[in-house]
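Student: When you get a sec, could you give me coordinates for this:
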Amino acid sequence: GIRSTAFDMAVVGQMLLNQGGYGDLRFFSEETYEALLPVDLENYFPNIKDRKWGIGITPMNRYLKDEGSGEKRNILSDHVIGHGSATSSILNVDLENKIVICQSRLDKGRQYHEYLNRAYLLIEKYHDAAPGH
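Tutor: Numbering: from 1, shown residues only. So this is what the prediction gives:
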């Protein structure tokens, strides 16, 4: 039931990217940041395989199946964390590429996943083409 703006979520995303800092402010320590990150749940619950979870943060990778080889690969990087919601609001932080992706909305719509992958592919394409990358 909580609503927010994409801008406010982006501030939280930038704070995660900066391991607890935003601008000149520090909201939590790097130790706290490390404690928030997803860990392999099998370490705590032996019957739960291949699941990672953090404190309000999970891996948020988007996958794409290669048409030639049939192999799955992550769009952007293997190190995307964040939080999703039942309304399809997005807070994704690509730790490797230093990208924050946010979206705030009330409902996902019928073609949400198709268009979300397209958006991620555009971000990936233009990030890879950016000078200095």
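Student: which residue ranges form the helices in this structure?
Tutor: 6-17, 30-36, 112-129 (DSSP state H).
Student: Skip the chain neighbours and tell me the closest residue to K72.
Tutor: In this structure, K72 finds its nearest non-sequential neighbour in Y63, 4.8 Å apart by C-beta to C-beta, 6 or more residues apart in numbering. Where you see a C-beta, it was placed from the backbone N, CA and C, and this is true even at glycine.
Student: And for L76?
Tutor: In space, and not counting its chain neighbours, L76 is closest to D94: 4.8 Å by C-beta to C-beta, 6+ apart.
Student: quick one, what contacts the one you found?
Tutor: L76, S77, H79, V80, V100, I101 (C-beta atoms under 8 Å, 6 or more residues apart in numbering).
Student: Those, buried ones only, as a PyMOL selection?
Tutor: Buried subset of the contacts of D94, written as a PyMOL selection, criterion 16 or more other C-beta atoms under 10 Å:
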select buried, resi 76+80+100+101
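Student: In strands, which of the contacts of D94 appear?
Tutor: Per DSSP state E, strands hold the following members of these: V80, V100, I101.
Student: For the closest residue to the second one other than its chain neighbours, give its distance to R110.
Tutor: In other words, V100. Nearest non-adjacent residue to V100, counting by C-beta to C-beta, 6+ apart: G13, 3.6 Å away. Look at G13 and R110: by C-beta to C-beta, to the nearest Å, they are 27 Å apart.
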